[in-house]
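Novice: build me a model:
(one chain, ligands or ions: 1)
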Amino acid sequence: MSATDISHDPANDFFGALKARAPEIERRYRELTPASAALHDAAKGCLPGGYSRDAVIRTPYAPYIEKGEGAVLADADGRRIVDFNFNATSLALGHADPRVVGAVNAQLGRGSAFYAPTRNVIELAGVICERLASAERVRFTNSGSEAVMMGLRLARGHTGRNLIVKFEGSYHGTYDDVQWSVSPPKAAVAAANEPKPIADSGGLVGAKGRVLVLRFNDADALGRAAEQYGDDIAAVIMEPLTNRLGLISPKPDFLAAAREVCDRTGAVLIFDEVIAFRVGYNGAQGALGVTPDITTLGKCIGGGFPVGGVAGRAEVLEVSAPGASDRVSHAGTFNANPVTMAAGKATLEALTPEVFEPLNATGERVRAGLRETCEGLPLRIAGTGSLFKINALEREIADHRDTLEVDKAWQELASLALLTEGYFLSKTLLGCVSTATTDEQIEGFLEAFADLVRR
Ligand code: PMP
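Specialist: Residues are numbered from 1 along each chain as shown. All right, here's what the predicted structure looks like:
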């Protein structure tokens, strides 16, 4: 290539260098994981494409896990893998923490599910109400998606309105009314200033009159929507830390606008903290200075068991109380399951302010180490608390349109390469540390990452 060739793009050279090694990386993965390959083949006979959970799909196939202890996984081939994913950030204490195992075993010995409440539900709800400024009442669900579904239904019941405002690029789980414009492709968004809801899945019926999609971090667009649709908006749902948008935090003016618009129109402001709650003792909202009306929760509040939670102002949640007029119903055979509640309580009680401090300092150490390695490279490190993300993009991300430029193929390949070296991150290079993560594991990971990108 000549020095005057304007098509020369150093970022593409960088990403292309790893992509050129794709066959070698995949060959090595296959060599290391024959048992996982065989299990994947068996799974294809009974699960669609071999999977029952989208997030774990990988090319060429996912590793099958036999065991997790602390921050270390053992796969079906007996390989030892250091976990920097912890089931999509849900295990803040690592795997099989003795305090959680003890609480779960104690409950299992007394029975795992009853057609009646247990004291465990009051105990976990109490811990959440104590920590979250927005929480006066809580209802538990079995997943973050269900928490979002119930949060929106409560908001609609409370306001008597239909329209939900969500932001382009935000993921809030699998409920139909939020699976719009989660990852719309460039062709679908490029021309529009005002995003149109783009279905993120087959099988969705329609967004008309139900969902309004706006650009993230665009306070003006939010203000305009309030002018135009104010009387129809039941809720504005947003993430205080946005996983799919490169793990960025909302800009302060945008956050303030969201609160102001909801106050002015009577809409319910929902913070989706399914992931974000684990960044601090008072959740992400504790550090943002804006308090929502409802917080949706999941992941770490269940201590590794299936869970979700809707926490919020009594005035809103009491529409689901017995005897409320136009009552919002919320049934569920396993809601507030006693084993889940016990695991969640053991986990949150272990996460004291004194524990958060070193945990988040460890997160910062990982981010700082990655930043040092990425200096001069077209990679950016994002995150806060115990969470981090490696974004394959030269500049900062502010909204979904920026994420369209992220080299996702590079991220997925880098994730596979790290897996062959014994380090587990998501395909999108989202990672986290737990209280079980050791200095040695961090050093090993930082070295493996440096080897990968500096080679
Ligand atoms: N909201 C957010 C912000 C999430 O990250 C997720 C899951 N990653 C969900 C909702 C859905 O939670 P679940 O997978 O437990 O249904």
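Novice: check contacts around the spatially closest residue to Ala314 that is not a sequence neighbour.
Specialist: Nearest in space to Ala314, with sequence neighbours left out and distances taken as Cβ to Cβ, 6 or more residues apart in numbering, is Glu136 at 4.2 Å. C-beta here means a position set from N, CA and C on the backbone, and glycine is covered the same way. By Cβ atoms under 8 Å, 6 or more residues apart in numbering, the contact list for Glu136 reads 129, 312-314, 317.
Novice: try 10 Å this time
Specialist: 129, 311-318 (Cβ atoms under 10 Å, 6 or more residues apart in numbering).
Novice: next one: Lys389
Specialist: 241, 243, 245-248, 367, 370, 380-383, 397, 411, 425-426, 428-432.
Novice: how much space is there between the closest residue to it other than its chain neighbours and the ligand?
Specialist: What sits nearest to Lys389 in space, not counting adjacent residues and going by Cβ to Cβ, 6+ apart, is Leu247, at 3.9 Å. Counting by Cβ to the nearest ligand atom, to the nearest Å, the separation of Leu247 from the ligand is 11 Å.
Novice: now do the contacts for Leu247.
Specialist: Leu247 neighbours (Cβ under 10 Å, 6+ apart): 239, 241, 275-276, 381-384, 387-391, 397, 428-431.
Novice: residue of the stretch 201-350 of the chain with the smallest distance to the ligand?
Specialist: The stretch 201-350 of the chain approaches the ligand most closely through Val274 (3.6 Å), counting by Cβ to the nearest ligand atom.
Novice: just say helix, strand or coil for that residue.
Specialist: Under the three-state scheme (DSSP: H, G, I helix; E, B strand; the rest coil), Val274 adopts coil.
Novice: now for it, how many residues are close by?
Specialist: 30 (other Cβ atoms under 10 Å).
Novice: and for Asp220?
Specialist: Asp220, neighbours per other Cβ under 10 Å, totals 12.
Novice: list the buried residues of the strand or helix carrying it.
Specialist: Using DSSP states H and E, the element containing Asp220 is helix 219-229. Buried residues in helix 219-229, counting neighbours by 16 or more other Cβ atoms under 10 Å, are found at 219, 221-222, 225-226.
Novice: from the residues you listed, which single one is nearest Thr362?
Specialist: Thr362 has its nearest neighbour among the buried residues of helix 219-229 in Ala219, at 33.9 Å by Cβ to Cβ.
Novice: the closest one contacts Met238, correct?
Specialist: No. The pair Ala219 and Met238 fails to qualify as a contact (Cβ atoms under 10 Å) at a distance of 12.0 Å.
Novice: list residues touching both of the two?
Specialist: 250, 254-255, 258.
Novice: so which of those are in strands?
Specialist: Judged by DSSP state E, strands contain none of the shared contacts of Ala219 and Met238.
Novice: list buried residues within those residues.
Specialist: Buried members of these, counted by 16+ other Cβ under 10 Å: 250, 254-255, 258.
Novice: make a markdown table out of these and add distance to Arg79 and pLDDT.
Specialist: Shown next, in a markdown table, are these (distance: Cβ to Cβ, whole Å; pLDDT from 0 to 100):
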| residue | distance to Arg79 | pLDDT |
| --- | --- | --- |
| Pro250 | 39 | 96 |
| Phe254 | 44 | 97 |
| Leu255 | 43 | 97 |
| Ala258 | 45 | 98 |
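Novice: okay, now the unreliable bits of the protein?
Specialist: Counting by pLDDT under 70, the chain contains low-confidence ranges at 1-8, 190-193.
Novice: neighbours around the closest residue to the ligand within it, how many?
Specialist: Distances between the chain and the ligand by Cβ to the nearest ligand atom are smallest at Gly144, namely 2.3 Å. By other Cβ under 10 Å, the residues close to Gly144 number 29.
Novice: not counting sequence-adjacent ones, nearest residue to it?
Specialist: Gly298 (2.9 Å).
Novice: next up, the contacts around the one you found.
Specialist: Shown in contact with Gly298 (Cβ under 10 Å, 6+ apart): 88-90, 141-148, 173, 272-275, 277, 306-309.
Novice: and Leu93, what does it touch?
Specialist: By Cβ under 10 Å, 6+ apart, the contact set of Leu93 is 70, 86, 99-100, 300, 303-304, 343, 346-348, 350-351, 355, 359, 434-436.
Novice: switch to 8 Å and redo it
Specialist: Shown in contact with Leu93 (Cβ under 8 Å, 6+ apart): 99-100, 303, 347, 350-351, 434-436.
Novice: what's the answer for Ala219, then?
Specialist: Ala219 is in contact with 251, 253-254, 256-257, counting by Cβ under 8 Å, 6+ apart.
Novice: selecting buried members of these in PyMOL, what would you type?
Specialist: Buried subset of the contacts of Ala219, written as a PyMOL selection, criterion 16+ other Cβ under 10 Å:
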select buried, resi 254+257
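Novice: now the contacts of Ala219 in CSV, with distance to the ligand?
Specialist: Compiled in CSV, the contacts of Ala219 are given as follows (distance: Cβ to the nearest ligand atom, whole Å):
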residue, distance to the ligand
Lys251, 18
Asp253, 22
Phe254, 17
Ala256, 21
Ala257, 20
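Novice: helix/strand/coil for Gly309?
Specialist: When classified by three-state DSSP, Gly309 comes out as strand.
Novice: that one contacts Ser143, correct?
Specialist: No. Judged on Cβ atoms under 8 Å, Gly309 makes no contact with Ser143 at a distance of 10.3 Å.
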